[in-house]
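S.K.: Here is the input, now give the coordinates:
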Amino acid sequence: MRHRWFICLLLCSTFVFAQESSSVKNGEFWGKSEAYLHKQAFQMFGLIDEALTENPPTIGAPMVRKLALYNLDAMLHETKYDHTEPFNNFVESRMKKLLADLDKPVKKGMKIYKVYNDGFIARTQSATIAFDVVRGAIQGKEIIPEKYIRQIVDHCDILFITHNHGDHADPIVANLFIEAGKPVIAPTNVWKNNVSVQHLRSDKIIDKAIELKSGKKLQVKILPGHQSELMNNIYVVTTEEKKTVVQTGDQYHKEDINWLMNIHQEIPRPDALLVNCWTNRMNDLIEGFAPKFIITGHENEMGHTIDHREAFWLTFQKMEEIERDYVVMGWGEWFICK
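M.R.: Below you'll find the predicted structure:
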């Protein structure tokens, strides 16, 4: 019944708009197209936010979540809304929800949060692990306000950076970790003169124990991946609870896939595989890791042009051909790997 209610709201947005406020008068927006669309953006971003909250991430492709995320595609692919008040309100609402949940203890299992783009947080009782967390930017202006980034960093124990692209490696975020005495791990070409960053990269698999400020330890395997010719560390991180998460970053390399297809023989089985939504030979990469759950990333990187703001609808089309359990998340959402 709730699904019918939501679908009706999405398809009948003019009715919702008309009911929103008695202060809206007939003809108020006649001849004022931009004001009309601006008001409509508040309605759409607000309803999408509400729909995602009431219908949290789950395995597969429920219609209600597809409707919400497809409508989010439509809003994010219209550049007129970039950095407008409706967009900024949406981002702030998603970050507040994420932070509210980060305040809650993890009692069992592993919880995966999608912050923005390909930025993720993995949490167990013993550790909170950040991957490629950035503020994001549209034409040089930050998307996630620094006050929220600071709170996110406060909750995390370590930051892993996969490769040297600005939508994955943010010096402001990294410095916040460093100032807090928390490890930052990155390939050797990321801020190579910053001695506070632990630069780890090899042509072979690195197998390393990393101690956190809390005294807890992570067992980390670093695979020598690539985005074309650029170094792209693939991190296989196992917590003290024996929960394993893999972040593939922007892995995209025709030759790497030949050895990645059998990588499950050399690593613990991942509880969660974080994979960018446009990687090549998606099914082969997934089968190579043989994860329990797949969680996609890199949809709608706002610093990209429209043709490379990868749509959620494209992700669903690709993932519906995958035979393993998958989860598609928007910004500021989370999923418990049980």
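
S.K.: rest of the way, CA atoms for contacts and neighbours
M.R.: Will do.

S.K.: lowest-confidence helix or strand of this structure?
M.R.: Between all helices and strands in the chain, the lowest mean by mean pLDDT, DSSP states H and E belongs to helix 13-20, at a mean of 42.

S.K.: wait, is G46 part of a strand?
M.R.: No. Using DSSP: H, G, I helix; E, B strand; the rest coil, the assignment for G46 is helix, not a strand.

S.K.: burial of it, as a residue count?
M.R.: 16 (other C-alpha atoms under 10 Å).

S.K.: residues contacting it?
M.R.: Counting by C-alpha atoms under 8 Å, 6 or more residues apart in numbering, G46 makes contact with P86, F90.

S.K.: tell me which residues form a beta bridge with L218?
M.R.: With DSSP bridges as the criterion, L218 is bridged to I210.

S.K.: go on, the one 4 residues further on?
M.R.: When bridges are taken as DSSP bridges, the partners of I222 come out as I206, Y235.

S.K.: With L274 instead?
M.R.: Here L274, judged by DSSP bridges, has bridge partners Q247, I295.

S.K.: Which residue, other than its chain neighbours, is closest to the spatially most central residue of the chain?
M.R.: Geometric centre of the chain, nearest residue: K114, 3.6 Å, by C-alpha atoms, centre = their mean. Leaving aside its sequence neighbours, K114 sits nearest to F120 (C-alpha to C-alpha, 6 or more residues apart in numbering; 4.6 Å).

S.K.: those strands in the stretch 151-300 of the chain, which residues are they?
M.R.: Along the stretch 151-300 of the chain, the segments classed as strands by DSSP state E, counting those that start in this stretch run 158-160, 184-186, 198-199, 206-211, 217-227, 230-238, 244-247, 272-276, 293-297.

S.K.: now these in TSV, with mean pLDDT, distance to D82 and mean neighbour count?
M.R.: Shown next, in TSV, are the strands of the stretch 151-300 of the chain (pLDDT from 0 to 100; distance: least, C-alpha to C-alpha, whole Å; neighbours: other C-alpha atoms under 10 Å):
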stretch	mean pLDDT	distance to D82	mean neighbour count
strand 158-160	99	28	25
strand 184-186	98	30	23
strand 198-199	98	35	17
strand 206-211	98	39	14
strand 217-227	98	28	21
strand 230-238	98	29	24
strand 244-247	98	28	26
strand 272-276	98	23	24
strand 293-297	98	20	25
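
S.K.: Turn the ones you listed into a markdown table, columns for distance to I178.
M.R.: Formatted as a markdown table, these follow (distance: least, C-alpha to C-alpha, whole Å):
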| stretch | distance to I178 |
| --- | --- |
| strand 158-160 | 9 |
| strand 184-186 | 7 |
| strand 198-199 | 10 |
| strand 206-211 | 15 |
| strand 217-227 | 18 |
| strand 230-238 | 20 |
| strand 244-247 | 21 |
| strand 272-276 | 24 |
| strand 293-297 | 25 |
